[in-house]
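Asks: based on what follows, work out the 3D shape:
(one chain, ligands or ions: 1)
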Amino acid sequence: MAEKELGDIPGPAGDRVLGNLQEFSTDPLRFLTACAREYGDIVRISPRNVLLAGPEHVERMLVDRNADFVKQGPETRRAGRRQSLPLSTMSSDGEDWKAKRRRIQPAFGRELSATAAAAMRGQGERMLEQWRPGQVRDLQQDVSVVTLRLVTALMFGEEYTDSEIAEVAGMVVPIMELSASPVVLPEWLPTRRKLQIRRNLRGVERTLARVAASGRAADPKAAPVLHALLHGTPAPTPAEVNDELATLLMAGYETTNDAVVWASVLLARNPEAAERVYHESEKALAKNATGMALLGELPYTDAVLRESLRLYSPVWMTSRDARVDVTFSDYVIPAGTTVTVSQWVNHRDPRYWKQAGEFRPERWLGKEPTEVPRGSYFPFGLGPRTCFGASLAGVEAVSLLASVWSRFRLRLETPESVRPRPALALQPLNARFKVEAW
Ligand code: HEM
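Replies: Next up, the predicted model:
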């Protein structure tokens, strides 16, 4: 078939001046889903932005042709310099990215996950000590303290006080909104609060500089990630250490929070699944299983997490800029085009998932996941740039879910008002829970 151009790709024309900006900004989840369902596997959503909804296209972009795309196209780089944003592993490209990833990734091995699993039980218990039946809790808030405490302890080997944790959390959230999330937003998306973000970034940098200068960095057991970074090759500049730590903190924090809260929303809405988690986790905890052994005892809770990551993937879209011309189907996508893929769209595609909109954790205990194409489920991305915090995040989330649901049943205060807010991560809005004894 003859090759076709960018302009030939079908897609909504939108407003004469604004194109589809308004629709995207108002409800991006609905907009992207409608584009895919109406126009097919490859959709032109703006003059320079293409959505790839076919799973084979997603795989081609993220795995096979990964090297032909960059996270930081010229526009993003210019914007980044203006905002003095970090250039960490997550936001670097090419050989620079490869070297940075090689330097830090080894720290995220089995040992780190095992340490996390062991530490998480204690952190979870500490959180639950404050809970009483009858209380209404903001789970996002409670979980954020736990995940932030864990991630800072793992990375920097330092136990922060509650007020320090709250301070870091307060700084991190607005920064997340701009740059350091796994998501790279298309250039045409308007960004806000840049001044505040810059200020907060400086605050995080000061905290991190203090940590990096502390003696703990010399001890790989006390501060595995910081140690790997400082002793890795090429030796990082102080600014790089800051950027890398700030990014890891942000990447590992809100996403994991959202995963735990969404799973709890789904359990609250599905009492039978909640009972299964309760029985499974109570039994596992009663055996005094800890660390990775505990996780081995929690296959259903793990399935709940996977299903929750399918329906409410914290990373709901990812974009890259084409570095060279790349062909998808018979369309040539020219260098410089922004290409977007969306977990929200593909994880809910009824062509590949049975009862796509329904919460069915048991599908993960059967064959179904092995039958769907790779590009239909990618909560942690795919290919060379896949999330190296995935196993750590899984350990954290499953342990915490088991701790919470083995002790209490959570009921949503206002079930009908819970909805996803697609910020840089997919946040659950209005997820306030009433705590009940089983
Ligand atoms: C449920 C929790 C998490 C989710 C859903 C998640 C999701 C993702 C996704 C989708 C990507 C790939 C983005 C792309 O292709 O552009 C990614 C990359 C990344 N994630 Fe995660 N992540 C989670 C937790 C973590 C944790 C705990 C850490 C570390 C502390 C982490 C560190 C990173 C880093 C450094 C990258 C960039 C890798 C690279 O560009 O080479 N993530 N994450």
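
Asks: use CA for all of it now, contacts and neighbours both
Replies: OK.

Asks: residues from the stretch 301-438 of the chain in reach of the ligand?
Replies: When proximity is defined by Cα under 6 Å from any ligand atom, the stretch 301-438 of the chain lies next to the ligand at 314-315, 318, 379-381, 385-390, 392-393.

Asks: wait, does stretch 145-156 make contact with the ligand?
Replies: No. Judged by Cα under 6 Å from any ligand atom, stretch 145-156 and the ligand are separated, with a smallest distance of 6.6 Å.

Asks: quick check: closest non-adjacent residue to the residue most central in space within the chain.
Replies: Geometric centre of the chain, nearest residue: residue 255, 3.9 Å, by Cα atoms, centre = their mean. When the adjacent residues along the chain are set aside, residue 255 lies closest to residue 314, with 5.4 Å between them (Cα to Cα, 6 or more residues apart in numbering).

Asks: quick one: neighbours of that neighbour, just the number.
Replies: By other Cα atoms under 10 Å, the residues close to residue 314 number 31.

Asks: roughly how far does it sit from residue 425?
Replies: 5 Å (Cα to Cα, to the nearest Å).

Asks: residue of the stretch 1-150 of the chain nearest the ligand, please.
Replies: Closest to the ligand within the stretch 1-150 of the chain is residue 90: 3.7 Å, counting by Cα to the nearest ligand atom.

Asks: how about the stretch 201-350 of the chain?
Replies: When distances are taken as Cα to the nearest ligand atom, the stretch 201-350 of the chain approaches the ligand most closely through residue 252, which lies 3.3 Å from it.

Asks: and the two most separated of the residues of the stretch 301-438 of the chain next to the ligand?
Replies: Of all pairs drawn from these, the widest gap by Cα to Cα lies between 318 and 392 and measures 20.9 Å.

Asks: who touches stretch 118-136?
Replies: Residues external to stretch 118-136 that are found in contact with it (Cα atoms under 8 Å, 6 or more residues apart in numbering): 142, 146, 150, 290-292, 396, 399-400, 403-404, 408, 413, 432-437.

Asks: and the end-to-end length of it?
Replies: OK, stretch 118-136 end separation, Cα to Cα: 28 Å.

Asks: and the next element down the chain from the least confident helix or strand in the chain by mean pLDDT?
Replies: When each helix and strand of the chain is scored by mean pLDDT, DSSP states H and E, helix 74-82 comes last, with a mean of 52. Going down the chain from helix 74-82, the next helix or strand is helix 94-104, by DSSP states H and E.

Asks: elements contacting that next one?
Replies: For helix 94-104, the helices and strands in contact under the criterion 3 or more Cα pairs under 8 Å, 6 or more residues apart in numbering; DSSP states H and E are helix 224-231.

Asks: what angle do the helix or strand following the helix it packs on and helix 224-231 make?
Replies: Proceeding N to C from helix 224-231, the next assigned helix or strand is helix 238-251, under DSSP H and E. Between helix 238-251 and helix 224-231, the angle formed by their directions is 160 degrees, by axes from the mean of the first three to the mean of the last three Cα atoms, to 10 degrees.

Asks: okay, helix 238-251 in CSV with CA atoms only?
Replies: As requested, the backbone C-alpha atoms of helix 238-251 are provided in CSV (Å, rounded to 0.1, in the frame of the first residue of the first chain):
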residue,chain,number,x,y,z
PRO,A,238,26.2,17.3,42.7
ALA,A,239,23.4,18.7,40.5
GLU,A,240,22.8,15.3,38.9
VAL,A,241,22.6,13.7,42.4
ASN,A,242,20.0,16.2,43.3
ASP,A,243,18.0,15.8,40.2
GLU,A,244,18.1,12.0,40.3
LEU,A,245,17.0,11.8,43.9
ALA,A,246,14.3,14.3,43.5
THR,A,247,12.9,12.5,40.5
LEU,A,248,13.1,9.1,42.2
LEU,A,249,11.3,10.5,45.1
MET,A,250,8.5,11.9,43.0
ALA,A,251,8.3,8.9,40.6
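
Asks: that helix versus helix 94-104: what angle between them?
Replies: Angle, helix 238-251 to helix 94-104, by the same axes, to 10 degrees: 70 degrees.

Asks: quick check: mean pLDDT of helix 238-251?
Replies: When pLDDT is averaged along helix 238-251, the result is 78.

Asks: mind giving me the packing neighbours of that helix?
Replies: helix 139-156, helix 162-176, helix 194-213, helix 224-231.

Asks: quick one: mean pLDDT for the longest one?
Replies: Spelled out, that is helix 194-213. Averaging pLDDT residue by residue across helix 194-213 gives 65.

Asks: all strands for this protein, in order.
Replies: Under the criterion DSSP state E, the chain contains strands at 42-46, 49-52, 69-70, 136-138, 318-322, 326-328, 331-333, 338-341, 408-412, 419-422, 426-429, 432-437.

Asks: count the residues that sit near residue 360.
Replies: Taking other Cα under 10 Å as the criterion, the count of residues near residue 360 is 16.

Asks: how about residue 68?
Replies: By the measure other Cα under 10 Å, the count of residues near residue 68 is 17.

Asks: surely residue 314 and residue 260 touch.
Replies: No. Residue 314 is not in contact with residue 260 according to Cα atoms under 8 Å; the separation is 10.0 Å.

Asks: starting at the chain centroid, how far to stretch 392-403?
Replies: Between the centre of stretch 392-403 and the centre of its chain there are 14 Å (Cα atoms, centre = their mean, to the nearest Å).

Asks: and the contacts of that stretch?
Replies: Everything outside stretch 392-403 that qualifies as a contact, by Cα under 8 Å, 6+ apart, is 108, 112-113, 116-117, 120-121, 124-125, 147, 252, 256, 259-260, 264, 277-278, 281-282, 292, 294-295, 298, 301-302, 305.

Asks: emit the PyMOL select command for whichever of those residues are buried.
Replies: Only the buried members of the contacts of stretch 392-403 end up in this PyMOL selection, burial being decided by 16 or more other Cα atoms under 10 Å:
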select buried, resi 108+112+113+116+117+120+121+124+147+252+256+259+260+264+277+278+281+282+292+294+295+298+301+302+305
